[in-house]
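*Asks:* Fold the following.
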Amino acid sequence: MASASADGTIRVWDPQTGQQRTMLEGHRAEVNDVCQVTVAGKELLASAGDDGTVRIWDPETGACPLTVPTHYPAQATAWVAGSLTIGLGAGILVIKPRAAR
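*Replies:* Here you go, the predicted structure:
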């Protein structure tokens, strides 16, 4: 389970205990949304920020292997049919993240 925060972080929680597992840092402004994505069979997180980026995170390691500049505040994310749909202040962007080669 993960939550977005106004302090620019994403917090990953243990749903069994309610304890925080880790905090993901990298956005330079408020994080508006976070969702689970699956890239190359791996469960990752996507976060949408007011800093004009969407970041893909590995919640196990805390690494951010992909930052997508959106040029507008990213307000929402949703994993739909193998693609990441991003709601922006100026429309919708759909991307298909791939594993690094």
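*Asks:* if I pick the closest residue to R21 other than its chain neighbours, what's in contact with it?
*Replies:* Closest residue to R21 apart from its sequence neighbours, by CB to CB, 6 or more residues apart in numbering: V12 at 4.6 Å. Every C-beta, even on glycine, is put in place using the N, C-alpha and C of the backbone. Counting by CB atoms under 8 Å, 6 or more residues apart in numbering, V12 makes contact with 1-2, 20-24, 45, 59.
*Asks:* Any chance of those residues in a markdown table with pLDDT as columns?
*Replies:* A markdown table is the format used below for the contacts of V12 (pLDDT from 0 to 100):
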| residue | pLDDT |
| --- | --- |
| M1 | 93 |
| A2 | 96 |
| Q20 | 96 |
| R21 | 95 |
| T22 | 95 |
| M23 | 97 |
| L24 | 98 |
| L45 | 97 |
| P59 | 95 |
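*Asks:* Show me just the buried residues among the residues you listed.
*Replies:* Using 16 or more other CB atoms under 10 Å as the burial test, those include 2, 22, 24, 45, 59 as buried.
*Asks:* For the third one, grab phi and psi.
*Replies:* Its backbone dihedrals place L24 at phi -100, psi 120, with angles given as degrees, to the nearest 10.
*Asks:* so what's it bridging to?
*Replies:* Beta-bridge partners of L24, counted by DSSP bridges, are I10.
*Asks:* List the residues that contact it.
*Replies:* Contacts of L24 (CB under 8 Å, 6+ apart): 9-12, 45, 47, 57, 59, 62, 64.
*Asks:* Closest to Y72 out of the residues you listed?
*Replies:* S47 (15.2 Å; CB to CB).
*Asks:* I appreciate the help and will end here.
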